[in-house]
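Novice: Return a 3D structure for these sequence lines:
(chains A and B)
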2 protein chains.
Amino acid sequence: MSTLTVPPPQCLKRPLHIPQRHMFGPGPSNVPERILEAGTNPVIGHMHPEIFEVMNDIKSGIQYMFQTQNKITFAVSGTGHTAMECAIFNAVEPGERVLSAVNGIWGERAADMAERIGAKVNTIVAPPAGFFSLEEIEQALSKYRPVLLFVTHGESSTGVLHPLDGIGELCHKYNCLLLVDSVAAMGGAPLYMDKQEIDILYTGSQKVLNVPPGTAPISFSERACKKIFSRKTKPVSFFLDLTWLANYWGCDQKPARLYHHTGPITAFYTLREGLAVLAEEGLENSWKRHESVAEYFHNGLECMGLKLFVKEKKARLPTVTTIVAPHGYDWKEITAYIMKAHNLEISGGLGPSVGLVLRVGLMGCNSTKANVDMILAALKDALKHCHKSKV
Amino acid sequence: MSTLTVPPPQCLKRPLHIPQRHMFGPGPSNVPERILEAGTNPVIGHMHPEIFEVMNDIKSGIQYMFQTQNKITFAVSGTGHTAMECAIFNAVEPGERVLSAVNGIWGERAADMAERIGAKVNTIVAPPAGFFSLEEIEQALSKYRPVLLFVTHGESSTGVLHPLDGIGELCHKYNCLLLVDSVAAMGGAPLYMDKQEIDILYTGSQKVLNVPPGTAPISFSERACKKIFSRKTKPVSFFLDLTWLANYWGCDQKPARLYHHTGPITAFYTLREGLAVLAEEGLENSWKRHESVAEYFHNGLECMGLKLFVKEKKARLPTVTTIVAPHGYDWKEITAYIMKAHNLEISGGLGPSVGLVLRVGLMGCNSTKANVDMILAALKDALKHCHKSKV
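Specialist: Numbering: from 1, shown residues only, chains lettered A, B, ... in the order given. Purely as a prediction, here's the structure:
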């Protein structure tokens, strides 16, 4: 007689089948065979020497990708949001002031996260396709005197690439740390963590790196560590406590690496492979490729009579392009048609850009002129087949 | 002229090579080919209908494994520690009282996590091989009046299987929620979430399920949801906020699933496969197999003259066995010898059991009599070859 009240589910008897699909939305991007294969390496212990070596390789790969010599550089066991919380949870104590530069969804989420841990949060807000000048940032720094400024390098919701030169110096003039989210831009647009005086920087695995989602590279400057390691209170999260994580990743000076948590070992294999691919191509080559493919794409769109959402050329994100939603069309019909007829994902807006744009991501191995041609053809086809109101 | 100051790391030029190894420590356990292969399915969008179907399958699989009909049942995008924080962050508000039953490392960590978010924490403490009677638990509940009691079902640091019958009823008598950690026992020892009135329950993927680490099944009872969804304060974590997660997993009644975070898609594929394997064998068959293999193992150990760390037979965890560190030997030499000579991981103690025990895990597909024979032979060989002091 069974003692079970819940029977085994029938749905699990069906073998898993996932179709191939062109992933040209804002992420995740397509994962090449080589990287998926790396994930089939055997799972061994998270404290075995071979895994420590994989983790060391990952650290070196991230230092290269971020252009930093920071000792405290590693991958968070989680997604970009986990890295975001790792940065904020460690850098901010309750009652401290945080300034978030909001020009899309990410600045809003950073503000929300900081509020949840009891920080006093101020924001400066730019319109969806906009960004902030050094003057605007300095004015806000001098007015609010925050301990941390959050800036989004690649605003995937609006398609804006935020210029970073000079912000780090300004922050340090006002004794503030600079936290940069480069989830959507990293590897696809120039960024120099050390030269640009960025204190905390993170990205995700599933964008330019073409690695399955689940790990998030992050790095902390000495200035950031100085504040973090002299906190009066413990960070709210044990799992994301930098003291523990730095030890787990062998970034501190302690003789032994202690058990903290069980890292996502197969995800480390795939992350290492993605970093190896980037190192093979070379960071500057990757930046150039993304730039020239984006330019080719943007020209093609304008030739079709479509408008780019970000007016200023230099502020256009080369990894995620926002196109003004074509007049008279329902954007949902366009994305659905392209998915159905072309097996190709492009997406609508997110947060402040909902209803205003179509978003197309060309990241890592997806950033090729052949893919641009495929997308332009799909868009032309959609504009022909979808309903257009008579306005 | 390159603008880079950090060159591409040489270490990433070496192809990744990870050896096969018998993973007979307390986890991660070996991952069968079938499950690794599931992870090579293409990465598509985290909001695509095929992925929602995978997530629905996972929910059903977890409801079966947990023996629960709870609607709010899903997998956290992270490891067991993330699930632990997800439970505590949502169930507890600052200033509320939490009671942690400490008989090993997990009760200590739960207490630490609750303290970090401003809870008032009390503990009851049992010696490393011990556990708590219903009388002890009732006494503490009536003394401290906590909103949440934390109990570890499978204490992997000490090898104790905690009896669960009656604890839920006691908690509810005192208007307290019962949170159970079953990372190390789930699927390998009987547990009935609904019948045993457990309010929050979680496990990890890398133990009995034989899935790579990186996802953590969790479930919340209606009673737990009632408290959580009428909180006065927001949980400290946006990433782990149950309101968002329940929507992302389609567990709430809302018409649309909103973008919350990018789930670890390939890890969902492997988790689904692990749950399918469990459903194929049947939960009760899995419990019985773990029990009989553990008994066979424990007999074998006693025949060799080795002592089990947990005296009471019914409190021995069938998934992780703790053996009293053999007298006169250095336990580190034994585990190192077995790794070197037999390519087989067994481990030393953790937390309160460091130096006191050897720990052997036989979880999921690893729980076979053939593996027991292999381990007993390796242990005999080690005791012959390792140094013994003349005591």
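Novice: where along chain A do the strands fall?
Specialist: For chain A, the strands defined by DSSP state E occupy A:22-23, A:72-76, A:97-102, A:120-125, A:148-152, A:154-155, A:160-161, A:177-181, A:200-202, A:216-220, A:320-324, A:344-345, A:347-348, A:357-361.
Novice: Could I get the pLDDT score of the residue of the stretch 251-391 of chain A found nearest chain B?
Specialist: As assessed by C-beta to the nearest C-beta, chain B sits closest to A:Pro264 within the stretch 251-391 of chain A, at 3.4 Å. Yep, even glycine has a C-beta here, placed from its N, CA and C like the rest. The per-residue pLDDT reported for A:Pro264 equals 97.
Novice: which residues touch the nearest residue to it once chain neighbours are set aside?
Specialist: Distances taken as C-beta to C-beta, 6 or more residues apart in numbering or on different chains put B:Gly214 closest to A:Pro264, at 3.4 Å, once the chain neighbours are dropped. By C-beta atoms under 8 Å, 6 or more residues apart in numbering or on different chains, the contact set of B:Gly214 is A:Ser77, A:Gly214, A:Pro264, A:Thr266, A:Ala267, B:Gly78, B:Thr79, B:Ser205, B:Gln206, B:Pro264, B:Ala267.
Novice: Rounded mean pLDDT for stretch A:83-100, please.
Specialist: Stretch A:83-100 shows a mean pLDDT of 98.
Novice: Tell me which residues of that stretch come out buried.
Specialist: Using 16 or more other C-beta atoms under 10 Å in any protein chain shown as the test for burial, stretch A:83-100 gives A:83-93, A:96-100.
Novice: Same list, those residues, but only the ones touching chain B.
Specialist: Within the set of the buried residues of stretch A:83-100, contact with chain B (C-beta under 8 Å from any C-beta of the partner chain) is found for A:Met84, A:Glu85.
Novice: Give me the subset of the buried residues of stretch A:83-100 that lies in helices.
Specialist: Per DSSP state H, helices hold the following members of the buried residues of stretch A:83-100: A:Ala83, A:Met84, A:Glu85, A:Cys86, A:Ala87, A:Ile88, A:Phe89, A:Asn90, A:Ala91.
Novice: Now tabulate the residues you listed in CSV and tack on distance to A:Cys171.
Specialist: Compiled in CSV, those are given as follows (distance: C-beta to C-beta, whole Å):
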residue, distance to A:Cys171
A:Ala83, 19
A:Met84, 18
A:Glu85, 21
A:Cys86, 19
A:Ala87, 14
A:Ile88, 15
A:Phe89, 19
A:Asn90, 17
A:Ala91, 12
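Novice: Out of these, which is nearest to A:Met304?
Specialist: Nearest to A:Met304 among these, counting by C-beta to C-beta, is A:Met84 at 35.8 Å.
Novice: looking at the strands of chain A, which is buried most?
Specialist: The highest mean neighbour count among the strands of chain A, using mean count of other C-beta atoms under 10 Å in any protein chain shown, belongs to strand A:154-155: a mean of 33.
Novice: That strand pairs with which strands?
Specialist: Strand pairing for strand A:154-155, using DSSP bridges, gives strand A:160-161 (antiparallel).
Novice: quick one: low-confidence ranges for the stretch 251-391 of chain A?
Specialist: Low-confidence segments of the stretch 251-391 of chain A (pLDDT under 70): A:391.
Novice: ok, now with 80
Specialist: The stretch 251-391 of chain A contains residues with pLDDT under 80 at A:390-391.
Novice: tell me which parts of it are close to chain B?
Specialist: With the criterion set to C-beta under 8 Å from any C-beta, the stretch 251-391 of chain A comes near chain B through A:259, A:261-267, A:269-270, A:272-273, A:275-276, A:279-280, A:282-284, A:345, A:350.
Novice: taking these one by one, which sit in helices?
Specialist: Secondary structure from DSSP H places A:265-267, A:269-270, A:272-273, A:275-276, A:279-280, A:283-284 of these in helices.
Novice: Go through the residues you listed and name the one nearest B:Pro9.
Specialist: Lowest distance from B:Pro9 to those (C-beta to C-beta) belongs to A:Ala279, with 6.4 Å.
Novice: so that closest one makes contact with A:Tyr64?
Specialist: Yes. The criterion here is C-beta atoms under 8 Å, and A:Ala279 meets it with A:Tyr64 at 6.0 Å.
Novice: which neighbours do those two share?
Specialist: With contacts defined as C-beta under 8 Å, 6+ apart, the residues shared by A:Ala279 and A:Tyr64 are B:Pro8, B:Pro9.
Novice: how about A:Ala110, what does it touch?
Specialist: A:Met84, A:Ile88, A:Val98, A:Ser100, A:Phe150, A:Leu179, A:Asp181.
Novice: Next, format the residues you listed as a markdown table and append distance to A:Ser133.
Specialist: As requested, the contacts of A:Ala110 are exported to a markdown table (distance: C-beta to C-beta, whole Å):
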| residue | distance to A:Ser133 |
| --- | --- |
| A:Met84 | 25 |
| A:Ile88 | 25 |
| A:Val98 | 20 |
| A:Ser100 | 17 |
| A:Phe150 | 17 |
| A:Leu179 | 19 |
| A:Asp181 | 19 |
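Novice: between those residues, which is closest to A:Lys254?
Specialist: Nearest to A:Lys254 out of these is A:Ile88 (C-beta to C-beta; 25.0 Å).
Novice: Excluding residues flanking it in the chain, which one is nearest the closest one?
Specialist: Leaving aside its chain neighbours, A:Ile88 sits nearest to A:Met113 (5.0 Å; criterion: C-beta to C-beta, 6+ apart).
Novice: What separation is there between the closest residue to A:Ala101 other than its chain neighbours and chain B?
Specialist: Take A:Ala101 and drop its neighbours on the chain: the residue closest to it by C-beta to C-beta, 6+ apart is A:Val151, 4.9 Å away. Counting by C-beta to the nearest C-beta, to the nearest Å, the separation of A:Val151 from chain B is 18 Å.
Novice: same question, A:Ile105
Specialist: Distance from A:Ile105 to chain B, counting by C-beta to the nearest C-beta: 9 Å.
Novice: Now for the contacts of A:Ala110: which two are most distant?
Specialist: Using C-beta to C-beta, the contacts of A:Ala110 reach their maximum pairwise distance at A:Val98 and A:Asp181, which is 13.6 Å.
Novice: which residues do those two both contact?
Specialist: A:Ala110, A:Phe150.
Novice: Contact partners for A:Trp331?
Specialist: By C-beta under 8 Å, 6+ apart, the contact set of A:Trp331 is A:Ala325, A:Gly348, A:Gly349, A:Gly355, A:Val357, A:Leu358.
Novice: So what's the residue count around A:Glu169?
Specialist: Per other C-beta atoms under 10 Å in any protein chain shown, the neighbour tally for A:Glu169 reads 12.
Novice: tell me the contacts of the residue in the stretch 51-200 of chain A that chain B sits nearest to?
Specialist: Nearest residue of the stretch 51-200 of chain A to chain B: A:Ser60, at 3.6 Å (C-beta to the nearest C-beta). With contact set as C-beta under 8 Å, 6+ apart, A:Ser60 has these partners: B:Pro9, B:Cys11, B:Leu12.
Novice: Spell out which parts of the stretch 101-250 of chain A neighbour chain B.
Specialist: Proximity of the stretch 101-250 of chain A to chain B is confined to A:109, A:112-113, A:115-117, A:190, A:192, A:194-195, A:204, A:206, A:212-214, A:234-239 under the rule C-beta under 8 Å from any C-beta.
Novice: out of the residues you listed, which are buried?
Specialist: Buried among these (16+ other C-beta under 10 Å): A:109, A:113, A:116-117, A:190, A:192, A:194, A:204, A:206, A:212-214, A:235-239.
Novice: Could I get the contacting residues of A:Met363?
Specialist: For A:Met363, the contacting residues are A:Gly27, A:Ser29, A:Ala184, A:Gly188, A:Lys207, A:Val208, A:Asn210, A:His290, A:Thr319, A:Val320, by C-beta under 8 Å, 6+ apart.
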